[in-house]
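In: I'll drop the sequence and a predicted model, then ask my questions.
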Amino acid sequence: MKNLILLSTFVIPSISFAYTYTLDELYALALKNSKSINLSKQDLEIFKYNKLSSLTNMGPKFSTSAKYIRWNEPTDISFGFQLPPQFQNLGIKIPDKMHVMDQDTKDISLTITQPMTQLYSMYQIYKINKLNEDISYLDLSTQVSNIKYKIAEAYFNLLKLQKTKESLIQSIKLIEAYKEKTEQLYKNGMVQKDDIMKVDVKLSQVKDSLNEINSTIDIIKSSINILIGKDANEELEVKDTYSEEPKSFDYTLDECIEKALANRDDLKALKLRIEMLEAKRQATIGTMIPSVAGIFTYSRQWGNAFQKDESWFVGVSLSWTFWEWGTTYFQLKSNDYEIRKTRFGFDAMSDGIILDVKGAYFKAKNSFDAINSNKKSVELSEEVYRISLKKYENAQITATEVLDAETMLTTSKINYINSLYTYYLNLEYLKKIINKKEDL
């Protein structure tokens, strides 16, 4: 008899878990994976090494050269005469020829050149590159601020929609419960058929709104995934750490304007560009100065009897382009107008920042004030809805009035949710406008 062995295979379905992110975690991922941030970091490295390159130009330059030559034959000089016979017995010997150069000759030299008067222009070029590096860092900081605000905007809008979704789900439950009561009253002959139809219409409208919100939630989640470098369709949830009402809004407009003018990176960058243009002008002036450089050269040679084996010298070289048909003069005039134009731009940007701060300040302040008023509206709407239900059960009001009370309640809840998260988003925008890194 064969033993029959049954093998049972249990298939465990794969479950996809959605990671829950806080706002700070979303910030970190967005900044880490942002292509524009990574490109700006490369620019920062380019300017850093340009700065170092211009700094080294001010030091002495070391150069060397070497040469090896093989001639077709050694070089000798023949004298072509002999001593007269009367002198030959004196023991004086004159060679027939003298060796001058080997067949192989070699030489090597080392030169050190130190620019002197050119140091002025070189320093200005170094200063330009240093300012370029500083500007690049400020531009990077501005990009970070913009990306963080995009994340905050998506985060708070998502929270707003999710809370609105909860309110609509609660509204559907209320309407469905109200529908049951209406159907019971209809059976008892206390209401008309059209009352049930009105409830069905209202229920259908709320469900349509819920479907629209679900679609918008999916779109916002996809946008957040793209911003943080994830797949657009990846499951994602956000953690709400802003559900409590803010304590107070105690900031003054003057304080915010003062901070913005002191902290804005784009304003700082424009100020540095003015300094850079001034350094460029000074570098142009430096080209008018005579070029003086100190020189030291050491040389060593082999195989040539007419040259010393070792030699060196110290000297100074001077060159000066004293006439160029006004080229430098016209360049200086151009530099002057560039500086003047950028200063006008600085003033215009300062005015624009003041207007931006005013707009952001009043948006934040007004949305803060709206929180309390909307909270009171919710409390009043709840009471109105409760009274309406009792009146309807006693046949004192129509179904339309009850539905209106329910709509007012749901709208009040949604308005409260919107005002709460809109305030937090407006506060983030105010922080961005005044470039305040920490919480207000």
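Out: Thanks, I have the structure now.
In: T297 touches F313, doesn't it?
Out: Yes - between T297 and F313 there is a contact under Cβ atoms under 8 Å: 5.7 Å. C-beta: built from backbone N, CA, C; applies to glycine.
In: which one's more surrounded, the two?
Out: Using other Cβ atoms under 10 Å as the criterion, T297 and F313 rank with T297 on top: 15 against 9.
In: helix, strand or coil for the more buried one?
Out: Three-state call for T297 (DSSP: H, G, I helix; E, B strand; the rest coil): strand.
In: and the closest residue in space to L26 that isn't next to it in sequence, how many neighbours?
Out: Nearest residue to L26, sequence neighbours excluded (Cβ to Cβ, 6 or more residues apart in numbering): I151, at 4.9 Å. If you count neighbours by other Cβ under 10 Å, I151 ends up with 24.
In: three-state assignment of I151?
Out: Going by three-state DSSP: I151 is helix.
In: got a pLDDT number for it?
Out: I151 carries a pLDDT value of 95.
In: so what's the residue count around the residue lying closest to K230 once chain neighbours are set aside?
Out: Counting by Cβ to Cβ, 6+ apart, K230 lies nearest to L236, which is 7.3 Å off, once chain neighbours are set aside. When neighbours are defined as other Cβ under 10 Å, L236 has 20 of them.
In: can you check Y68 too?
Out: Neighbour tally, Y68, other Cβ under 10 Å: 11.
In: so it belongs to a helix, correct?
Out: No - assigned with three-state DSSP, Y68 falls outside any helix and is strand.
In: need the pLDDT of it.
Out: Listed pLDDT for Y68 reads 92.
In: returning to that earlier point: right, and the residue nearest to L26 touches N225 too?
Out: No - shown here, I151 and N225 do not form a contact pair, counting by Cβ under 8 Å, at 11.4 Å.
In: what about V316, which helix or strand?
Out: Element membership for V316 (DSSP states H and E) is strand 310-319.
In: let me see the ranges of the strands in the stretch 201-350 of the chain.
Out: 236-238, 291-304, 310-319 (DSSP state E, counting those that start in this stretch).
In: so for S65, which of those strands sits nearest?
Out: Closest to S65 of these is strand 291-304 (Cβ to Cβ; 9.0 Å).
In: before we move on, the earlier item: so the residue nearest to K230 bridges to which residues?
Out: Taking DSSP bridges as the rule, L236 bridges to Y19.
In: could you pull up the residues touching it?
Out: Taking Cβ atoms under 8 Å, 6 or more residues apart in numbering as the contact definition, L236 lies against 18-19, 21, 221, 224-225, 230.
In: and the residues you listed, which of them are buried?
Out: Buried by 16 or more other Cβ atoms under 10 Å: 21, 221, 224-225, 230, out of the contacts of L236.
In: what mean pLDDT does whichever strand or helix holds L39 get?
Out: Using DSSP H and E, L39 maps to helix 35-56. The average pLDDT within helix 35-56 is 90.
In: list the buried ones in it?
Out: Buried, per 16+ other Cβ under 10 Å, within helix 35-56: 40, 43-44, 47-48, 50-51, 54.
In: which helices and strands does that helix pack with?
Out: Counting contacts by 3 or more Cβ pairs under 8 Å, 6 or more residues apart in numbering; DSSP states H and E, helix 35-56 is packed against helix 119-187.
In: orientation of the helix it packs on relative to helix 35-56 in degrees?
Out: In terms of direction (axes from the mean of the first three to the mean of the last three Cα atoms, to 10 degrees), helix 119-187 departs from helix 35-56 by 170 degrees.
In: next SSE downstream of the lowest-mean-pLDDT helix or strand in the chain?
Out: Of all helical and strand segments in the chain, the minimum by mean pLDDT, DSSP states H and E falls on helix 85-88, at a mean of 62. Using DSSP H and E, the helix or strand that follows helix 85-88 towards the C-terminus is strand 97-115.
In: which residue packs closest to L29, ignoring adjacent ones?
Out: I228 (3.8 Å).
In: spit out the contact partners of that neighbour.
Out: 21, 26, 29-30, 33, 151.
In: for K202, same thing?
Out: So K202 contacts 175, 403, 406-407 (Cβ under 8 Å, 6+ apart).
In: in helices, which of these fall?
Out: When the contacts of K202 are checked against helices (DSSP state H), the matches are 175, 403, 406-407.
In: now render those as JSON lines, adding distance to G352.
Out: Shown next, in JSON lines, are these (distance: Cβ to Cβ, whole Å):
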{"residue": "I175", "distance to G352": "49"}
{"residue": "L403", "distance to G352": "49"}
{"residue": "E406", "distance to G352": "47"}
{"residue": "T407", "distance to G352": "43"}
